[in-house]
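1. what's the 3D shape of this:
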Amino acid sequence: MMKEHFENTADLLEELSKALQRLNLWQEQRPSILEVSSSAPFCCDTLTFEQWLQFVFIERISLMINQGQSLPTKIALTPMAEVSFKHLSGQAEFLLVIIRKIDKTLTA
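-> Numbers count the residues shown, from 1 in each chain. Now for the predicted structure:
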């Protein structure tokens, strides 16, 4: 069961990465260590939400999967995503669907 949970989550992270790339929200240049180290929720004072997804969330969850660590069991990315990607209108719907799946998978 745990292996399947890891695989499902890893697949969703890959989908999330591709969706961010498809919407041109993927960034080639890494933010500074200081920007990524913010203690504010989602590093909202130093990063955009898409940067946080790419450089904090995807990287940390991937590392946890690779190391066989327990994954978070209560997350809620969807509300922040809905606000952050509102400017994209319907273009971001497929991205929001993936984020909802991530929330459901990790909270289940």
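2. how about the residue nearest the centre of the chain, what does it touch?
-> The structure's the chain has its C-alpha centroid closest to Leu53; by CA atoms, centre = their mean the separation is 3.7 Å. By CB atoms under 8 Å, 6 or more residues apart in numbering, the residues touching Leu53 are 16, 20, 77. Where you see a C-beta, it was placed from the backbone N, CA and C, and this is true even at glycine.
3. Format those as CSV; extra columns: neighbour count and secondary structure.
-> As requested, the contacts of Leu53 are arranged in CSV below (neighbours: other CB atoms under 10 Å; DSSP: H, G, I helix; E, B strand; the rest coil):
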residue, neighbour count, secondary structure
Leu16, 21, helix
Leu20, 19, helix
Leu77, 21, coil
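4. so where's this protein uncertain?
-> Along the chain, segments meeting pLDDT under 70 span 1.
5. Which parts of it are helices?
-> In the chain, the segments counted as helices under DSSP state H are 2-22, 33-36, 49-52, 58-66, 78-84, 93-107.
6. Out of these, which gets nearest to Phe42?
-> Nearest to Phe42, of all the helices of the chain, is helix 49-52, at 4.7 Å by CB to CB.
7. any idea how far that closest one is from the chain center?
-> Centroid separation between helix 49-52 and its chain, computed with CA atoms, centre = their mean, to the nearest Å, is 8 Å.
8. Equivalent analysis for stretch 64-81, please.
-> Centroid separation between stretch 64-81 and its chain, computed with CA atoms, centre = their mean, is 8 Å.
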